[in-house]
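K.L.:
mind folding the following:
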Amino acid sequence: MWDVAREVTRYFGGCNVVLLRGELGAGKTTFAQGILKAFGAKGPFTSPTFVIMKKYGIKHEKFENVYHFDCYRVDSYDIEKLGWKEIISNKRNCVLVEWPEKIWDIIPERYCLIDLSIIDKDKRKIDVNL
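P.N.:
Modelled structure (predicted):
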């Protein structure tokens, strides 16, 4: 899945907000880890489930930072308190959001949506919508 994530980073276009949507176990965190690896972020890459947000400094022609949000246990109010508006308004920040349906009311107009679905134990379907 990391190879697919690396390929997808080429197609973000003008988007800096990337929504990772899929059921529990579909591979959202693994996909995010692939994006982080493709951007040269320093690991280890762990899920931000309990800390809600992690920030990674990167050296990339387009981005300086990657913010990884896991919104499974929170709502828009909680995310806004973390500086959401400032983070997404800086186009040098790539923002990865797991469970975006929890915060749809604060998602910007322009985003890249990646839908992940389980085909079987070892196989996933990945749809990218720019």
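
K.L.:
counting contacts, what elements does the longest helix anywhere in the chain pack onto?
P.N.:
Counting by DSSP state H, the longest helix found in the chain is helix 28-38. If you count contacts as 3 or more CB pairs under 8 Å, 6 or more residues apart in numbering; DSSP states H and E, helix 28-38 packs onto helix 2-8, strand 17-21, strand 65-70, strand 93-98, strand 112-120. Just so you know, the C-beta spots here come from the backbone N, C-alpha and C atoms, and that holds for glycine as well.

K.L.:
tell me the angle of it relative to strand 112-120?
P.N.:
Angle of helix 28-38 versus strand 112-120, following axes from the mean of the first three to the mean of the last three CA atoms, to 10 degrees, is 120 degrees.

K.L.:
kindly export helix 28-38 (C-alpha atoms) in CSV.
P.N.:
Provided in CSV are the C-alpha atoms of helix 28-38 (Å, rounded to 0.1, in the frame of the first residue of the first chain):
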residue,chain,number,x,y,z
LYS,A,28,-6.3,4.6,6.5
THR,A,29,-3.4,4.8,8.9
THR,A,30,-1.2,2.5,6.8
PHE,A,31,-2.0,4.7,3.8
ALA,A,32,-1.1,7.9,5.8
GLN,A,33,2.2,6.2,6.8
GLY,A,34,2.9,5.6,3.1
ILE,A,35,2.3,9.3,2.3
LEU,A,36,4.6,10.3,5.2
LYS,A,37,7.3,7.9,4.0
ALA,A,38,6.9,9.2,0.4
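
K.L.:
residues contacting the spatially closest residue to residue 106 that is not a sequence neighbour?
P.N.:
In space, residue 106 comes closest to residue 76 once its chain neighbours are excluded; the distance is 4.7 Å by CB to CB, 6 or more residues apart in numbering. Counting by CB atoms under 8 Å, 6 or more residues apart in numbering, residue 76 touches 102, 103, 105, 106.
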